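Chemist: make a model of this:
(one chain, ligands or ions: 1)
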Amino acid sequence: MTLQDALAAARARLVAARISTDEATVDVDLFARRILGWDRARLLTELRGSVPTGLEPQFTAWVDRRAAHEPSAYIIGVREFWSLEFAVTPAVLIPRPCTELVVEEAVALLSEHPAWRVAEIGTGSGCIAVSVAHSVPGVRIVATDLSADALTVAQGNAAQFGVADRVTFVETSYLDGIAGPFELLLANPPYVRAGDRPGLSRVVQHEPDVALFGGESGLRDITGVLDAAEATLTTGGWLVMEFGYGQEQDVRELVEARAGFEVVRVRDDIEGIARTAVIART
Ligand SMILES: C[S@@+](CC[C@H](N)C(=O)[O-])C[C@H]1O[C@@H](n2cnc3c(N)ncnc32)[C@H](O)[C@@H]1O
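Modeler: Next comes the predicted model:
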């Protein structure tokens, strides 16, 4: 059997498990390259050769897990974000490309104000705080999460990217017990409505509830982040917060109900969906 035959059989297996052909192709290629330590060019040149020793039994085990709709990031244990390869486990949300908008806005603000004190609420894998610290030399960030297991993953990522001395991780709700004030707050809070659970993809259903669900309205933690901003953000400070599909109006109303808070801009993601609110305290 050639490597090409083995990859085709694995692809067929995933398609039979109702994974799209495009996704199956990407995943099978990713699994093989990851296990063999090859780049795509090497995989292509070796396709007509025999199945390399070392591919199995890992390859079949990973294809089995993917056929059960486990996300490929949990299977291989990493996901790229902000051009860094973050370790991920089922204790953390898998970083999404749209969340890079939060990092982009934070880096732009901090490039003008490198001494600002920064906090992130709900750090998960640490992808936001670690990416910001990696891009802005000298910046210090306090990053919180309710989940001790998530914080262990985040700490590992901070160490991996050389920022462990500048990102302090704290197990708490929002910013409870943390002495502010801060000039910049960052958050990608859980924002899925509890009632939307049945419509989530089988992949998303593998992610932790605590990272996904924002109560009946989906707005519980967005409100919690705004309360924390009211309690800890300086006048002249900023909050950059991601929110869910269809929540822009709700976010605007929640922000504008607070004296001195204003939505300065909302960023759309690559699909044109409003995703990120950049909020000023004046
Ligand atoms: C949507 S995930 C975001 C994770 C990561 N920041 C990212 O963007 O990929 C939300 C995170 O908030 C955490 N979380 C939920 N409720 C929280 C609370 N009350 N206080 C702090 N963290 C919370 C969850 O454990 C989860 O890690």
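Chemist: the nearest residue to Thr282 once chain neighbours are set aside: how many residues sit nearby?
Modeler: Excluding its sequence neighbours, the residue lying closest to Thr282 (Cβ to Cβ, 6 or more residues apart in numbering) is Gly260, at 5.5 Å. All C-beta spots, glycine's among them, are computed from the backbone N, C-alpha and C. By the criterion of other Cβ atoms under 10 Å, Gly260 has 10 neighbours.
Chemist: show me the contacts for Gly260.
Modeler: Residues in contact with Gly260, defined by Cβ atoms under 8 Å, 6 or more residues apart in numbering, are Thr235, Arg281, Thr282.
Chemist: secondary structure class for Pro189?
Modeler: With DSSP: H, G, I helix; E, B strand; the rest coil as the basis, Pro189 sits in coil.
Chemist: what does the strand ranked longest in the chain rub up against?
Modeler: Using DSSP state E to define each element, the chain has its longest strand at strand 233-242. By Cβ under 8 Å, 6+ apart, the surrounding residues in contact with strand 233-242 are 98-99, 101-102, 105-106, 109, 180-189, 191, 222, 225-226, 229, 251, 260-261, 275-282.
Chemist: middle-most residue in the protein, spatially?
Modeler: Pro95 (2.1 Å; Cα atoms, centre = their mean).
Chemist: any idea how far the residue nearest to Thr282 is from Phe169?
Modeler: Using Cβ to Cβ, to the nearest Å, we find Gly260 at a distance of 30 Å from Phe169.
Chemist: ok, now Asn188?
Modeler: Look at Asn188 and Phe169: by Cβ to Cβ, they are 16 Å apart.
Chemist: do I have it right that Gly122 meets Tyr191?
Modeler: No: using Cβ atoms under 8 Å as the test, Gly122 is too far from Tyr191 to be in contact (10.4 Å).
Chemist: so what sits against both of these two?
Modeler: In contact with both Gly122 and Tyr191: Asp221, using Cβ under 8 Å, 6+ apart.
Chemist: I am finished for the moment; much appreciated.
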